[in-house]
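Participant: Give me a 3D structure for the following:
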Amino acid sequence: MYRGKDSRGLLHPRHRPYQPFGAAEKLLLDRSSEILLVGPAGTGKTRAVLEKIFLCLQKYPGMRALLVRKTRASLTQSALVTLEEKVIPEGHPAIGDNARGYRSHYVLHNGSELVLGGLDNADRIMSSEYDLIAACEATELTVEDWEKLLTRLRNGVMPFQQAIADCNPTYPTHWLNRRAQAGMMRIYDSRHQDNPQWYNTTAGCWTPAGQAYLATLGRLSGARRKRLLDGQWSAAEGMVYESFAAAIVENCGSAGAGVGVYAAAGIDWGWYDPTAVVVGVLDATGRLWIVSELYESRLNIDALAVRLEKLIEQWNIEVLFADRSRPESIEWLRRRNLPVRPVPAHGVEAGIAMVESRLMHSSLAILGGCRHLIDEASQYRYAPDGHGPVQKADHAMDALRYLVVGMGDMRTAPAADNSVSGPPDSRPSTAGRGERLFPMRVWGE
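Facilitator: Take a look at the predicted model:
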């Protein structure tokens, strides 16, 4: 595919040719509302996205596109370099005179505009409307970031409105992978053969540069090799809960209707780090369903009390097991008549063993909406010396451990009907002591 041909059909020497292959070609032709372009390092994903943006800018006068990354600084040093050095024709007036880091947009002669932004300062970009949005290194984004961007797709100049995410694969339960697997995004797998710098499609062989680059990636190890060379969604080595992904339930409506018999929660204190609360409901078979979470930084004790009161009302929570390190916070919440108590004393590895036991016996299920818990589980791994887990991104993990330890080995409920399994429902109680009412709407029905 070539741009900028003159009236004789000749390529202007200042223009840069581009020929898409594989996933890149499919991306250029696709009008789906959400697209995920994923693959190992160096397959040309970002350039393909930028080529599509520039083509649309030229084809649809007055359209507006947004190019975004988690931070503006990272966008400047990555995608904008590719855009200006490989995609936009050399000397194009849209580039202007400002230094790259100070550019806020590119405007073409036909009135089309490409806006640049980072989600670390999202107010300006989120107040506008766009026809096309592209998020580079989209694994850096949260699902909230992505869904907020989707609300901006309403400019209506192009015949289709589209959001594109490009990334290298990361851990398997990342929200992008789960969103694509659920059919909410069209997914294209980019491969090194798609990049003509590495692979000669005419000769059907790797170029010398491609052989050297693949050799470099081949020296990687573990999950990095699987992700960046093989293009696999791969968990990090040394994961604490290797079977966690199997316990995630995306579609609770099809899991059956159980009777909720007991609800509790675990609390991990935070301030700069997030305060994490994990809510669990025990069903009639003794299976513990993780149904909700609270995950927020700079949450003071008064605001936390209000949030806990809402969770207690929603789920009929009987007890909240809190980290023992802040007895003054526990006491203050108890004075607010909240059923908070310190989690029973235990070692970290003993608590992990209790969580792992539930996972091994299929007596722990996690609703797909508990995304912070799921994200942390995918990164929760043992330190290289083997002495306990790495203390990073472990706030929801700690709250889960407090919940499981606090509930002990409660695998069966007293006087409950054990003939049903699945997420608790809102049916009136028909069995004995301990059955509770839980809102059916939470199960997505």
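Participant: mind listing the helices for the stretch 151-300 of the chain?
Facilitator: Ranges of helices in the stretch 151-300 of the chain, per DSSP state H, counting those that start in this stretch, are 175-181, 208-218, 222-228.
Participant: and Asp145, which of those helices is closest to it?
Facilitator: The closest of the helices of the stretch 151-300 of the chain to Asp145 is helix 175-181. By CB to CB, the value is 10.1 Å. The C-beta positions use only the backbone N, C-alpha and C, and glycine is treated the same way.
Participant: Quickly find the element holding Ala65.
Facilitator: Ala65 is part of strand 64-69, with elements assigned from DSSP states H and E.
Participant: before we move on, back to that, mind giving me TSV with the helices of the stretch 151-300 of the chain and columns for mean pLDDT, mean neighbour count and distance to Thr151?
Facilitator: Putting the helices of the stretch 151-300 of the chain into TSV (pLDDT from 0 to 100; neighbours: other CB atoms under 10 Å; distance: least, CB to CB, whole Å) gives the following:
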stretch	mean pLDDT	mean neighbour count	distance to Thr151
helix 175-181	92	19	16
helix 208-218	96	13	37
helix 222-228	89	17	30
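Participant: quick one: contacts of the strand holding Ala65?
Facilitator: Contact partners of strand 64-69, identified using CB atoms under 8 Å, 6 or more residues apart in numbering, comprise 50, 53, 56-57, 75, 78-79, 83, 112-119, 125, 128-137, 140, 149, 152, 155, 157.
Participant: Can you name every helix or strand that the very next helix or strand once past it contacts?
Facilitator: Note on strand 64-69: by DSSP H and E, the next helix or strand toward the C-terminus is helix 72-77. Judged by 3 or more CB pairs under 8 Å, 6 or more residues apart in numbering; DSSP states H and E, helix 72-77 is in contact with strand 64-69, strand 113-118.
Participant: Pull out the buried residues from helix 72-77.
Facilitator: By neighbour count with 16 or more other CB atoms under 10 Å, helix 72-77 contains the buried residues 72, 75-76.
Participant: and if you look at stretch 230-240?
Facilitator: 231, 233-236, 238-240.
Participant: Lowest-confidence entry in those residues?
Facilitator: Checked by pLDDT, these have Ala236 as the lowest-scoring entry (75).
Participant: is it true that it touches Gln379?
Facilitator: Yes: counting by CB atoms under 8 Å, Gln379 is a contact partner of Ala236 at 6.5 Å.
Participant: Quickly list what's touching both of the two.
Facilitator: Counting by CB under 8 Å, 6+ apart, the shared contacts of Ala236 and Gln379 are Tyr171.
Participant: picking up where we left off before, tilt between the strand holding Ala65 and strand 113-118?
Facilitator: Relative orientation of strand 64-69 versus strand 113-118 (axes from the mean of the first three to the mean of the last three CA atoms, to 10 degrees): 20 degrees.
Participant: which neighbours does strand 64-69 have in its sheet, and in what orientation?
Facilitator: strand 113-118 (parallel), strand 132-135 (parallel) (DSSP bridges).
Participant: Using PDB, write down the CA coordinates of that strand.
Facilitator: Provided in PDB are the C-alpha atoms of strand 64-69 (Å, rounded to 0.1, in the frame of the first residue of the first chain):
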ATOM      1  CA  ARG A  64     -11.100  13.200  14.900                       C
ATOM      2  CA  ALA A  65      -8.800  10.500  16.200                       C
ATOM      3  CA  LEU A  66      -7.200  10.000  19.600                       C
ATOM      4  CA  LEU A  67      -3.800   8.300  20.200                       C
ATOM      5  CA  VAL A  68      -3.400   7.500  23.800                       C
ATOM      6  CA  ARG A  69      -1.200   5.600  26.300                       C
END
